[in-house]
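J.: no sequence on this one, just coordinates:
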């Protein structure tokens, strides 16, 4: 298990490098800890292939760094899928994707992970995930105290669509826009679904309507037509205007295809957020 199988890069070497070239197949990495790795891309792990399915599960990534992308993990598969599940990412850093940087044309799934105190100089303190023809799905994760220039917790983009469900974003920060999430929709047909998430105590520092919790560039192709944005049953901080979609905590660049409902703005009453316990107290307004 990851508590006993530890690979340590000593702060000077990349720990694991896999490049399958044009070969297909599956690459699965599980039950290991990657600590103090250092590389150009993927300080802990670099996995690349044109058509492989990549799964990284039940691992721990801590204190890894990359000069460019993927402090903990850099995963690229142009025609294969990428699945990041049941991992812990803490104190990893990079220019893009402090915890994880992922690219795939066939889809990316990030589920049941914990991202804490990861940082990126530019995009995606916790995660930077982009899929051109596929979808990006981010479900049941905790993002706490991650930081970046854009997207302190998450930077996500897709030509077709992004789904963000049942996550907790707490104490993340951006020096520019999108303390919790910064996301871009490239084409008019793209769909962003954000359901059942908790955003609390996230900050962005560009000033004005900079999306402390959520910043959505819904017009990635710049034709002044917004892609579809669905925002339902989330808890955001107190300065989110759900009706206009353009406010300090919630900002969507073009709102002609924006819809919302069932969102609230209250203290979620975490059990002990300071020490990483994001369970809800019995009186939390977020229950049900």
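T.: Perfect, I can see it now. On a predicted model such as this, the values are computed, not experimentally measured, just so you know.
J.: secondary structure class for the closest residue to residue 103 other than its chain neighbours?
T.: Of all residues not flanking residue 103 in the chain, residue 76 sits nearest, at 4.8 Å (C-beta to C-beta, 6 or more residues apart in numbering). Every residue, glycine included, has its C-beta placed from N, CA and C. Three-state call for residue 76 (DSSP: H, G, I helix; E, B strand; the rest coil): strand.
J.: which residues touch residue 76?
T.: Contacts for residue 76 (C-beta atoms under 8 Å, 6 or more residues apart in numbering) come out as 47-49, 102-104.
J.: pick the one among these closest to residue 125.
T.: Taking C-beta to C-beta as the measure, residue 125 lies nearest residue 102 of those, at 14.4 Å.
J.: the helix or strand that that closest one is a member of pairs with which strands?
T.: Under the criterion of DSSP states H and E, residue 102 resides in strand 100-104. Neighbouring strands of strand 100-104 in its sheet, by DSSP bridges, are strand 73-77 (parallel), strand 127-131 (parallel).
J.: wait, residue 182 touches residue 212, no?
T.: No: Residue 182 is not in contact with residue 212 according to C-beta atoms under 8 Å; the separation is 11.3 Å.
J.: rewinding a little: need the max-distance pair from the contacts of residue 76.
T.: Across the contacts of residue 76 (C-beta to C-beta), the longest gap, 12.9 Å, separates 49 and 102.
J.: which one of these two has more residues nearby?
T.: residue 102 (29 against 23; other C-beta atoms under 10 Å).
J.: what's the spacing between that one and residue 269?
T.: 33 Å (C-beta to C-beta, to the nearest Å).
J.: tell me who's in contact with residue 164.
T.: 137-139, 154, 156, 181, 183, 192-195, 197.
J.: pick the one among these closest to residue 145.
T.: residue 154 (13.7 Å).
J.: just give the number of residues close to the closest one.
T.: Using other C-beta under 10 Å as the criterion, the residues surrounding residue 154 number 34.
J.: do the same with residue 243
T.: Residue 243: 9 surrounding residues under other C-beta under 10 Å.
J.: which residues are in contact with it?
T.: By C-beta under 8 Å, 6+ apart, residue 243 lies in contact with residue 260.
J.: may I have the phi/psi pair for it?
T.: As for residue 243, its main-chain torsions (degrees, to the nearest 10) stand at phi -70, psi -50.
J.: tell me the mean pLDDT for stretch 92-110?
T.: For stretch 92-110, mean pLDDT rounds to 97.
J.: give me the pLDDT value at the residue nearest to residue 103.
T.: 97.
J.: heads up, I number from 20, so please use that
T.: I'll keep to 20 as the first residue from here, and by that count the last item is residue 95.
J.: now it: how far from residue 205?
T.: Taking C-beta to C-beta, one finds residue 95 at 18 Å from residue 205.
J.: hmm, residue 234 and residue 202 touching each other?
T.: Yes: counting by C-beta under 8 Å, residue 202 touches residue 234, with 7.4 Å between them.
J.: quick one on the thing from earlier: as a markdown table, the strands paired with strand 119-123 with distance to residue 249 would be great.
T.: Converted to a markdown table, those look like this (distance: least, C-beta to C-beta, whole Å):
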| stretch | distance to residue 249 |
| --- | --- |
| strand 92-96 | 27 |
| strand 146-150 | 18 |
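J.: shared neighbours, residue 202 and residue 234?
T.: Between them, residue 202 and residue 234 share the contacting residues residue 170, judged by C-beta under 8 Å, 6+ apart.
J.: show me what whichever strand or helix holds residue 212 is packed against.
T.: Secondary structure assignment for residue 212, by DSSP H and E: strand 210-214. Helices and strands touching strand 210-214, by 3 or more C-beta pairs under 8 Å, 6 or more residues apart in numbering; DSSP states H and E, are strand 180-184, strand 200-204, strand 247-251.
J.: could you give the average pLDDT over the helix or strand following it?
T.: The first helix or strand that comes after strand 210-214 along the chain, using DSSP H and E, is strand 217-219. Computed over strand 217-219, the mean pLDDT rounds to 98.
J.: alright, that wraps it up for me.
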